[in-house]
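A.B. asks: predicted coordinates and the sequence they were generated for:
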Amino acid sequence: MRGIGKHFGAVKALTDVEFSVNEGEVVALIGDNGAGKSTLVKVLAGVHAPDAGTIEFDGEPVEIASPADAQDLGIATVFQDLALCDNLDVVANLWLGRELRSGSTLDEVGMEERTWTLLRELAAKIPSVRIPVASLSGGQRQTVAIARSLIGEPRIIILDEPTAALGVAQTAEVLNLIERLRERGHGVILISHNMADVLAVADRVVVLRLGRNNGVYNVVDVTSETLIAAITGAVDGTGKRPEAGKQRTEEPPESREAKIIPMPTGPRRMPDAADGDE
């Protein structure tokens with residue numbers, strides 16, 4: 001994504017944003033609330049059309065005008081609300097809208113077999129694929145949502161806050177799942193506010209601030225303090241403080257004039273003893 005711009009009326013959500021992800025790479029997209037993270041990934045997912053900039057896929061310019069276009073390119077998105085049907089089981093959620101058929105009936109056996117195969121590849125911990133999603137834990141529900149996005153064999157997977165509101169064990173389960181996606185050769189875009197999660201699984205970190213790029217960092221060379229400073233604007237995209245490098249301009253010596261403070265004139269009256277406090 002090059003020079004991406006997007007505005008909603010008078011509000012500029014994105015301005016000249018650069019972003020890229022490679023095969024088998026996890027790129028974390030971080031920033032404060034209102035930084036433009038969700039808008040950027042919605043442009044990539046086909047939800048919003050960019051007002052400026054270009055998108056290239058495999059080195060070729062593409063136009064993503066709808067979510068269907070993104071899906072055809074191999075871009076899958078798992079939003080924060082997961083969009084699962086709690087009353088349906090795991091198999092029905094994975095194949096919803098893309099059911100396998102055997103003649104005029106659903107191929108329940110085939111869908112269940114492929115579901116188990118996919119979950120094993122992801123090393124997912126699901127007790128059964130025939131229980132309602134409502135009975136699963138938060139981490140297991142996230143696993144089902146990610147597994148569903150893999151049905152169409154996508155090349156890029158966007159994960160919007162996958163560890164939000166999860167416990168320690170469930171978060172570790174999802175982070176292991178992200179590593180499995182990288183091992184499978186997928187490009188993963190991770191949106192997160194948790195610096196520990198970002199440093200644990202990401203290869204690169206892209207920081208957005210007020211709708212603009214504010215730095216791209218390799219995880220092996222960065223600390224959480226640097227990332228937080230970039231998010232808050234304490235440092236700019238080069239890793240320096242905004243005021244760094246600005247030299248204070250002073251007047252040349254010849255233009256300086258001595259400042260003379262006038263002294264009061266007239267006789268000074270010595271204070272009497274009655275004027276002060278004893």
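C.D. replies: Here it is on my side, so go on.
A.B. asks: wait, a helix at residue 5?
C.D. replies: No: assessed with DSSP: H, G, I helix; E, B strand; the rest coil, residue 5 is strand; it does not lie in a helix.
A.B. asks: contacting residues around it?
C.D. replies: With contacts defined as Cβ atoms under 8 Å, 6 or more residues apart in numbering, the neighbours of residue 5 are 12, 14-17, 50-53. No exception for glycine: its C-beta is placed from N, CA and C like everyone else's.
A.B. asks: could you find the closest non-adjacent residue to residue 36?
C.D. replies: Nearest residue to residue 36, sequence neighbours excluded (Cβ to Cβ, 6 or more residues apart in numbering): residue 211, at 4.3 Å.
A.B. asks: my guess is the one you found contacts residue 12. True?
C.D. replies: Yes: counting by Cβ atoms under 8 Å, residue 211 does reach residue 12; the two are 5.8 Å apart.
A.B. asks: higher neighbour count, these two?
C.D. replies: With neighbours defined as other Cβ atoms under 10 Å, residue 211 and residue 12 compare such that residue 211 has more, 23 against 15.
A.B. asks: do you know how far that one is from residue 147?
C.D. replies: Between residue 211 and residue 147 the distance is 33 Å, computed by Cβ to Cβ, to the nearest Å.
A.B. asks: tell me the one among the contacts of residue 5 nearest to residue 171.
C.D. replies: Nearest to residue 171 out of the contacts of residue 5 is residue 17 (Cβ to Cβ; 28.3 Å).
A.B. asks: so what's the closest one up against?
C.D. replies: Contacts of residue 17 were listed using Cβ under 8 Å, 6+ apart, and they are 1, 3-5, 36, 40, 53, 208, 211-213.
A.B. asks: also residue 178?
C.D. replies: By Cβ under 8 Å, 6+ apart, the contact set of residue 178 is 26, 159, 162, 188, 190, 201.
A.B. asks: equivalent analysis for residue 212, please.
C.D. replies: Each residue near residue 212 by Cβ under 8 Å, 6+ apart is listed here: 14-17, 36.
A.B. asks: tell me the two of those that are most distant?
C.D. replies: Taking Cβ to Cβ, no two of the contacts of residue 212 sit farther apart than 16 and 36, at 11.3 Å.
A.B. asks: where exactly do the helices run in this protein?
C.D. replies: Applying DSSP state H to the chain gives helices spanning 37-45, 67-73, 90-94, 108-121, 138-149, 168-183, 195-201, 224-232.
A.B. asks: figure out which of those helices is closest to residue 83.
C.D. replies: helix 138-149 (7.4 Å).
A.B. asks: could I have the CA atoms of that closest one written out in PDB?
C.D. replies: What follows is helix 138-149, C-alpha atoms only, in PDB (Å, rounded to 0.1, in the frame of the first residue of the first chain):
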ATOM      1  CA  GLY A 138     -12.600 -17.100  24.300                       C
ATOM      2  CA  GLY A 139      -9.400 -18.500  22.900                       C
ATOM      3  CA  GLN A 140     -11.200 -21.400  21.300                       C
ATOM      4  CA  ARG A 141     -13.700 -19.000  19.700                       C
ATOM      5  CA  GLN A 142     -10.800 -17.000  18.300                       C
ATOM      6  CA  THR A 143      -9.300 -20.200  16.900                       C
ATOM      7  CA  VAL A 144     -12.600 -21.100  15.200                       C
ATOM      8  CA  ALA A 145     -12.800 -17.600  13.600                       C
ATOM      9  CA  ILE A 146      -9.200 -17.900  12.400                       C
ATOM     10  CA  ALA A 147      -9.800 -21.400  11.100                       C
ATOM     11  CA  ARG A 148     -12.900 -20.200   9.200                       C
ATOM     12  CA  SER A 149     -10.800 -17.500   7.500                       C
END
